[in-house]
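Have a look at this prediction, sequence included:
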Amino acid sequence: MTKIVVVGAGHMGTAVVSGLLNDIKFDLQVVDPSESRRIFLKSRYGIDALPSIKNVNDDDILILSIPPQKFSQFAKDIKLNLGRTTPVISMMAGIKIDTLGHLLGVSQIIRAIPNTLPEIALGMTVFCASPNIYKENLALTGVILGSFGKAIYVTDESLIDSATALCGGGPAFIAYFASAMQSFAIQSGFSNTESVLMIAQILRGTADLLELTRKSPTQICNEVMTPEGTTERGIAYFRENNVEHIITSALRKSSARSKELGEFKYMQM
């Protein structure tokens, strides 16, 4: 059974661990220096996490879910205990494949950007790999990432920064919009429970409509609007205030921040 070592049990790491627990094909080991996180993992999932990493062999798989600012020091600490051909799946924002390979001294690098939805097996991950990746390692990565949601493989590494904004931050952006809708619902007189039910059903139904009917978001928007109707009035207000431009600008800023985090000046040296 392949051993997967997950380093970092923050929100992202824990979501990935939760997703991986649903797949019995893997022997899972979790590492986190925080005692409180280890206690949490034990109480929630029954996992005995380790405070520090041991040797990682060539046949193991290492998943890195630590803050990118801490990667440089981590690489110094682990480099001599890491197999040269150990597949490393980095889930850190910004840090490029060349940097990962150079600082870790390994050749089999996968750069993946999931989000926090693996916890409910609805994760969305975009990943790319080093040019010399073994076919079996690429295939195994697809199996691992697919075990907690859907995954897209891309060959252009520059797309990973955009995916960081879309997939990594996506749940937060959608939740931000949902929060505004909930505020309106409560201000209008609905209870908190009723508002959550309505908004969750709207988001779930719209997502299913997009996927099952293959209609574009614009088509769905146009179909809901009737001339001089209530929705048209709301969409017109969005357009008058350039809401689409604000959203795309926010995504560009998020993507730019991903690039920044890959620069050495943002890493702990």
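Structure's in. What do you need?

got the contact list for the longest helix along the chain?
If you go by DSSP state H, the chain has its longest helix at helix 192-213. Outside of helix 192-213, the residues within contact range by CB atoms under 8 Å, 6 or more residues apart in numbering are Ile174, Ala178, Met181, Gln182, Ala185, Ile186, Phe190, Lys215, Pro217, Ile220. (C-beta placed from N, C-alpha, C; glycine too.)

same thing with stretch 149-164?
Contacts of stretch 149-164 (CB under 8 Å, 6+ apart): 19, 93-94, 96-97, 111-114, 117-118, 121-129, 138, 142, 145, 251, 254-256, 258-259.

Would you mind listing which of those are buried?
Buried by 16 or more other CB atoms under 10 Å: 19, 93-94, 96-97, 111-114, 117-118, 123-129, 138, 142, 145, 251, 254-255, 258, out of the contacts of stretch 149-164.

Among the residues you listed, name the ones in strands.
Arg111, Ala112, Ile113, Gly123, Met124, Thr125, Val126, Phe127, Cys128, Ala129 (DSSP state E).

Least confident of those?
The lowest pLDDT within those belongs to Gly123, with 87.

Check whether it really touches Ser18, as I assumed.
No - counting by CB atoms under 8 Å, Gly123 sits too far from Ser18 to count as a contact (9.9 Å).

Please identify every residue contacting each of these two.
Joint contacts of Gly123 and Ser18 (CB under 8 Å, 6+ apart) are Phe148.

Show the contacting residues for Arg84.
Asp58, Gly105, Val106, Ser107.

now, which of these sits nearest Ala165?
Val106 (27.3 Å; CB to CB).

hang on, the earlier thing: mean confidence score for the longest helix of the chain?
Mean predicted confidence for helix 192-213 is 96.

what comes up buried for it?
Ser195, Ile199.

Stretch 11-27 now?
Applying 16+ other CB under 10 Å to stretch 11-27 flags Met12, Gly13, Thr14, Ala15, Val16, Val17, Ser18, Gly19, Leu20, Phe26 as buried.

any chance of those in TSV, plus pLDDT and distance to Val196?
Shown next, in TSV, are these (pLDDT from 0 to 100; distance: CB to CB, whole Å):
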residue	pLDDT	distance to Val196
Met12	85	24
Gly13	89	27
Thr14	89	23
Ala15	85	21
Val16	87	26
Val17	89	26
Ser18	86	22
Gly19	83	24
Leu20	85	29
Phe26	79	34
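
what's the most distant pair in these?
Met12 and Phe26 (17.8 Å).

Phi first, then psi, for Met92.
phi -90, psi 140 (degrees, to the nearest 10).
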